[in-house]
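Enquirer: quick one, structure for this:
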Amino acid sequence: MSLFQLSGNDDAVRCLAVDWDEMCAVSSSSHVLNIWDLEQRACIQTLEAGSAVLCVSVDWSAWRALSGSDDGSLKLWNLDAAACLQTVPGHLKGIRCMSVDWQDNRFLTGSDDKTLKQWDLEHFVCIRTLKGHTDAVWCLAVDWTSMRAVSGSRDETLKLWDLDAVTCDQTLKGHLGAVLCVAVDFGQSHAVGDDQLDFPQRPSPSSPTRRSHTSPAGSWIAE
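Expert: Numbers count the residues shown, from 1 in each chain. Next up is the predicted model:
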């Protein structure tokens, strides 16, 4: 049951970040980022991004945000000042997903251009590019401690990456459609991905979307 509804987005909400302690949120709609006061149930600031924002990550301790757009650009924001601090051309096509390690100033992005890129956030430069997917990268998860990542793609695969070695260690197959989201237990070497069977239509409720694979001992299992 919905407790309340926030009105103010003029298009589909493509991404969302929430600080439950302070009851604040940042959402994207069309070409803007909206900052919300959840207690007041009101939009308190709107940031013009120039193009559709597809993903966002927020450092609530410093009130800064990083966004990726459908034109391939990355923007670093000061949310307190409601200002864009820097814009860089991130990918050749839209940036669908990102994972940010705010403490160590690094992040990973995935794009419609079939690549993942690792970035130095302090200098806002790309330090390595990961290639291997044959279609758009739509989701990712990162364990920054072990420098491993898992990406899901429209090519119907999950890939396990070694970020230090810049290599794909394993490709997990079995999905029957684009992999839209992924959840990973890096400690247990398990990943769960959700696919879309009849892109771009959602599968019927009776159609299973989680895919199971059994791998040799010592390698990964995907569900």
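Enquirer: list the contacts of Q86.
Expert: Taking CB atoms under 8 Å, 6 or more residues apart in numbering, we find Q86 in contact with K75, L76, F124. Any C-beta I mention is one placed from the backbone N, CA and C, and that applies to glycine too.
Enquirer: compare those residues and tell me which is most surrounded.
Expert: K75 (22 neighbours; other CB atoms under 10 Å).
Enquirer: looking at this structure, which helix or strand is least sure?
Expert: strand 221-222 (a mean of 50; mean pLDDT, DSSP states H and E).
Enquirer: strands - which of the contacts of Q86 land there?
Expert: Taking DSSP state E, the ones among these that sit in strands are K75, L76.
Enquirer: pick the one among the contacts of Q86 closest to G174.
Expert: Comparing the contacts of Q86 against G174 with CB to CB places K75 closest, at 35.9 Å.
Enquirer: give me the element the residue nearest the centre of the chain is part of.
Expert: With distances taken as CA atoms, centre = their mean, C97 lies nearest the centre of the chain, 2.5 Å away. Using DSSP states H and E, C97 sits in strand 95-101.
Enquirer: what do you get for R128?
Expert: Per DSSP H and E: strand 125-131 holds R128.
Enquirer: which residues does that strand contact?
Expert: 88, 90, 114-120, 151, 161, 163, 166, 168.
Enquirer: among these, the buried ones, what's the ChimeraX command?
Expert: Written as a ChimeraX command, the selection of buried residues from the contacts of strand 125-131, which uses 16 or more other CB atoms under 10 Å, is:
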select :90,114,115,116,117,118,119,151,161,163,168
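Enquirer: got JSON lines for the contacts of strand 125-131, with pLDDT, distance to V18 and secondary structure too?
Expert: Listed next are the contacts of strand 125-131 as JSON lines, based on pLDDT from 0 to 100; distance: CB to CB, whole Å; DSSP: H, G, I helix; E, B strand; the rest coil:
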{"residue": "V88", "pLDDT": "96", "distance to V18": "26", "secondary structure": "strand"}
{"residue": "G90", "pLDDT": "93", "distance to V18": "24", "secondary structure": "coil"}
{"residue": "K114", "pLDDT": "98", "distance to V18": "30", "secondary structure": "coil"}
{"residue": "T115", "pLDDT": "98", "distance to V18": "29", "secondary structure": "strand"}
{"residue": "L116", "pLDDT": "98", "distance to V18": "25", "secondary structure": "strand"}
{"residue": "K117", "pLDDT": "98", "distance to V18": "26", "secondary structure": "strand"}
{"residue": "Q118", "pLDDT": "98", "distance to V18": "26", "secondary structure": "strand"}
{"residue": "W119", "pLDDT": "98", "distance to V18": "24", "secondary structure": "strand"}
{"residue": "D120", "pLDDT": "98", "distance to V18": "27", "secondary structure": "strand"}
{"residue": "S151", "pLDDT": "96", "distance to V18": "24", "secondary structure": "strand"}
{"residue": "W161", "pLDDT": "96", "distance to V18": "28", "secondary structure": "strand"}
{"residue": "L163", "pLDDT": "97", "distance to V18": "27", "secondary structure": "coil"}
{"residue": "V166", "pLDDT": "96", "distance to V18": "33", "secondary structure": "coil"}
{"residue": "C168", "pLDDT": "96", "distance to V18": "32", "secondary structure": "strand"}
